[in-house]
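Visitor: Give me a model of this one.
(chains A and B)
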Amino acid sequence: MSDLMQEPIEQAQSPLAEAWGMFKRNHAAVAALGVLALIVLGAIFGPYIYPTDPFEMVWAPFSPPGQEGYLLGTDYLGRDLLAMIINGARVSLMIGLAAAVVSIFIGVTVGALAGFYRGWVEEVLMRITEFFQVLPTLLFSMVLVALFGASLPMITFAIGVVSWTAVARITRSEFLRIRELEYVKASRASGASNRKLMFGVILPNALPPIIVQSALMVGSAILFEAGLSFLGLTDPNVVSWGQIIGSNRQYILDAGYTVTIPGIAIFVTVLAISLVGDGLNDALNPKLRQR
Amino acid sequence: MAPLLTVENLRIELTTRDGVAPVIDDLSLNLNAGETLSFVGESGCGKSMTALALMGLLPEKVGRVAAGKIIFDGEDLTQASPQRLREIRGNDISMIFQEPMTSLNPVFSVGEQIAEAIRAHQNLSRKAAWDKAVELLDAVRIPNPKGRAVDYPFQMSGGQRQRAMIAMALACEPKLLIADEPTTALDVTVQAQIFDLLTDLQKQSGAAIILITHDMGAVAEMARDVIVMYAGRKAEYGPVDAIIEHPRHPYTQGLISCVPHIVSDMSEERPDLVEVPGIVPSLKDFGRDECLFASRCAHRTEQCLAERPPEKPFAGGQLADCWHAEEL
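Guide: Okay, here's the model as predicted:
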């Protein structure tokens, strides 16, 4: 009898398995995850499989795709476009990820402090957030890059600094909601410190919307980097997709493919990331979850 | 032996839109180790505020201890630093909340949460804390504790969650356990089990328990002493038996006559249950120099409206704050 009572009727799922179950139901997101995996694998292993130097002049300029043995053709300096795309993927994805990490770090810290402590801390931090929100983002990051030099870390930092406000607001609103919940009081009553409450109790519960926002942030950071490099604010010693577009932009009418191909790469990557973010939203949003 | 907990003339004020209201007005009590004291009263009478004040968890900026002392184990908690209060919380004084459904963190397993509560106060390794968590789950009679420790709160029933909450509250062997309506959200059969469990654990650990409830039946079963609260003031205080035998305050009488099984001795003729007419006065009327129960009282006289009733002692340590206590 007692054995019967201990046996759960249905094997209960861990939260992760459950989230994956919900994610799988969004077919577009699963497909996008596949595409994204391919892109990431290509960025990691591509340069070993296709070792052509992206800076080397390998053939006559403006050789169209598919001809003369170059799959994606050559650009205005006769460089192999395929090699540039593959190597550019590394830089674009890395900047996207790193900028997202920077903005999440700033955003979560600001939002958590504001939402947890309330009062004047919240007042000050949210006014600062609003200040960053009304700054024209592209202009501000251009100023940063122009002032401090167009190195990769600086570009990453500039993108992160202008895009953390959304994360801060989401984090704050989640903290405001969760801090009043019973289990936070219970934790406090069992002697948890403020730091423990913030990052050990409230933050794990606030994560789902933050994760979704971060996924979208990676996409927008890639776009942002493309925008900056198109304007020439980029490290000339590395290739990125935006930089390919930027450097070939004068030839857009004569050799459209030199601009279109990296454009498609950006488009596909950002779309895939957005779709994955959408799938994450399905998977992690408690309102869509059926229990 | 000095009592474990002494509260002297405690006054707690809440800042509201209408001004400052004393939600606890001149409350004194004593509690010895190993004993159970019960707070009864309807919603909004200050039961939970007292508990929060003992834990040093009054709502920030809104509530404050305006006067009085809370002496716990020889230390005045109203003067203690936030740092010291945090050391005490969960270690010397711990608390069980009303809603077992929402009092556990949904993203961590029950075992992790108990282990975390242990590690907050004791210098134990993760492994040792986990083992202790499993032991505690066993102590609160959760079947298959090893297997259940990895479960998440949503995989447990209400009664099991409340047991897990109790396990967490007992993790550091507190000297005082505050149970804020621990069974209100549970069904009746489970209620009885939880009370049995609390009684047993109390016998083993020698902890004092403050039981906050509005269930006179639970009080009769669990507690030695009872404080009947009304509108932030003590209405009656004393041993449970004496008070149930002969309540001296009209509000206590009303509360007791609300409960069927205490009144009727299974006689054929069952009298109608009595209700206490009217409602609790609003916060802005708290603290007036009159008997706050007067508006609902059948024994009201001029005196009740003119002056706050004094505390009157009776045999067996029973105290009643009513002008007419002798006649009742």
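Visitor: Could you confirm whether stretch A:268-286 reaches chain B?
Guide: No: shown here: stretch A:268-286 not in contact with chain B (CB under 8 Å from any CB of the partner chain), separated by at least 9.1 Å. Using the backbone N, CA and C atoms, a C-beta is placed for each residue, glycine as well.
Visitor: contacting residues around that stretch?
Guide: Residues from elsewhere that reach stretch A:268-286 (CB atoms under 8 Å, 6 or more residues apart in numbering or on different chains): A:19-20, A:22-23, A:25-26, A:28-33, A:35-36, A:39, A:89, A:92-93, A:96, A:207-209, A:211-212, A:215-216, A:218-220, A:222-223, A:288.
Visitor: which stretches of the chain aren't confidently modelled?
Guide: You didn't pick a chain, so chain A it is. Counting by pLDDT under 70, chain A has low-confidence residues at A:1-15, A:68-69, A:285-291.
Visitor: You answered for a different chain; I wanted chain B.
Guide: Using pLDDT under 70, chain B drops low at B:1, B:260-273.
Visitor: What residues does it have near chain A?
Guide: Residues of chain B lying close to chain A by CB under 8 Å from any CB are B:55, B:57, B:61, B:86-91, B:94-95, B:97, B:99, B:102-108, B:116-117, B:120-121, B:143-144, B:147, B:151-152, B:154-155, B:165, B:168-169, B:171.
Visitor: Just want the residue of the stretch 51-200 of chain B that's nearest chain A.
Guide: Chain A sits closest to B:G90 of the stretch 51-200 of chain B, with a gap of 3.2 Å, by CB to the nearest CB.
Visitor: residue ranges of the strands in chain B, please?
Guide: Under the criterion DSSP state E, strands of chain B are mapped to B:5-16, B:19-31, B:36-40, B:63-72, B:75-76, B:93-96, B:176-180, B:208-213, B:225-230, B:233-239, B:312-313, B:319-320.
Visitor: hey, which of those strands is tucked in deepest?
Guide: The highest average neighbour count among those, using mean count of other CB atoms under 10 Å in any protein chain shown, belongs to strand B:93-96 at a mean of 28.
Visitor: which residues of chain B fall in helices?
Guide: Taking DSSP state H as the criterion, chain B contains helices spanning B:47-55, B:82-88, B:110-119, B:126-139, B:145-148, B:158-169, B:188-205, B:216-222, B:240-245, B:250-257, B:260-263, B:302-306.
Visitor: Include mean neighbour count when you put the ones you listed into a markdown table, please.
Guide: A markdown table is the format used below for the helices of chain B (neighbours: other CB atoms under 10 Å in any protein chain shown):
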| stretch | mean neighbour count |
| --- | --- |
| helix B:47-55 | 22 |
| helix B:82-88 | 14 |
| helix B:110-119 | 24 |
| helix B:126-139 | 18 |
| helix B:145-148 | 16 |
| helix B:158-169 | 25 |
| helix B:188-205 | 16 |
| helix B:216-222 | 21 |
| helix B:240-245 | 18 |
| helix B:250-257 | 23 |
| helix B:260-263 | 12 |
| helix B:302-306 | 13 |
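Visitor: May I ask which helix or strand encompasses the residue nearest to the spatial centre of chain A?
Guide: Closest residue to the average C-alpha location of chain A: A:V218 at 1.1 Å, with CA atoms, centre = their mean. Using DSSP states H and E, A:V218 maps to helix A:203-230.
Visitor: Quick check: next helix or strand after that helix?
Guide: With DSSP H and E, the next secondary element past helix A:203-230 is helix A:241-247.
Visitor: Check which residues of the helix or strand just after that following helix are buried.
Guide: Scanning forward in sequence from helix A:241-247 by DSSP H and E, the next helix or strand is helix A:257-284. Going by neighbour count (16 or more other CB atoms under 10 Å in any protein chain shown), the buried part of helix A:257-284 is A:257-259, A:261-263, A:265-266, A:269-270, A:272-284.
Visitor: on that earlier part again, thinking the residue of the stretch 51-200 of chain B closest to chain A is in contact with B:Q122, fair?
Guide: No: using CB atoms under 8 Å as the test, B:G90 is too far from B:Q122 to be in contact (10.5 Å).
Visitor: Pick out whichever of those two has more residues nearby.
Guide: B:G90 (26 against 14; other CB atoms under 10 Å in any protein chain shown).
Visitor: which residues touch the more buried one?
Guide: So B:G90 contacts A:189-192, B:117, B:120-121, B:169, B:171-172, B:174 (CB under 8 Å, 6+ apart).
Visitor: from the residues you listed, which two are the most distant?
Guide: A:A192 and B:P174 (15.2 Å; CB to CB).
Visitor: show me the residues around B:L283 that make contact.
Guide: B:14, B:16, B:18, B:21, B:23.
Visitor: what's the closest non-adjacent residue to the fourth one?
Guide: If I follow you right, that is B:A21. Distances taken as CB to CB, 6 or more residues apart in numbering or on different chains place B:L283 nearest to B:A21, at 4.2 Å, with adjacent residues excluded.
Visitor: Check the gap between that neighbour and B:S103 for me.
Guide: 26 Å (CB to CB, to the nearest Å).
Visitor: Let me know the angle separating the longest helix belonging to chain A from helix A:203-230.
Guide: Ranked by number of residues, the top helix in chain A under DSSP H is helix A:81-117. Relative orientation of helix A:81-117 and helix A:203-230, computed by axes from the mean of the first three to the mean of the last three CA atoms, to 10 degrees: 140 degrees.
Visitor: Now do helix A:81-117 and helix A:257-284, the angle between them.
Guide: Going by the same axes, to 10 degrees, helix A:81-117 makes 40 degrees with helix A:257-284.
Visitor: Any buried residues in helix A:81-117, and which?
Guide: Buried-residue list, helix A:81-117, by 16+ other CB under 10 Å: A:81-104, A:106-117.
Visitor: how about that helix, does it reach chain B?
Guide: No: judged by CB under 8 Å from any CB, helix A:81-117 and chain B are separated, with a smallest distance of 9.7 Å.
Visitor: Just after that helix, pick out the following helix or strand.
Guide: Helix A:81-117 is succeeded, C-terminally, by helix A:119-134 (DSSP H and E).
Visitor: Next secondary structure after that next one?
Guide: Immediately after helix A:119-134, counting by DSSP H and E, sits helix A:137-148.
Visitor: How about residues contacting the helix or strand that comes right after that next one?
Guide: Next in sequence after helix A:137-148, counting helices and strands by DSSP H and E, comes helix A:152-162. Residues from elsewhere that reach helix A:152-162 (CB under 8 Å, 6+ apart): A:91, A:94-95, A:98-103, A:105-106, A:132, A:135, A:137-138, A:140-141, A:144-145, A:148, A:221, A:224-225, A:228, A:233-235, A:238.
Visitor: Tell me the gap between helix A:152-162 and the middle of its chain.
Guide: Computed by CA atoms, centre = their mean, to the nearest Å, the separation of helix A:152-162 from the middle of its chain amounts to 13 Å.
Visitor: Which helix or strand lies directly C-terminal to that helix?
Guide: Going down the chain from helix A:152-162, the next helix or strand is helix A:165-178, by DSSP H and E.
Visitor: packing partners for that following helix?
Guide: Packed against helix A:165-178, as judged by 3 or more CB pairs under 8 Å, 6 or more residues apart in numbering or on different chains; DSSP states H and E, are the following elements: helix A:81-117, helix A:119-134, helix A:203-230.
Visitor: so the first one versus helix A:152-162, what angle?
Guide: With the same axes, to 10 degrees applied, the angle from helix A:81-117 to helix A:152-162 works out at 40 degrees.
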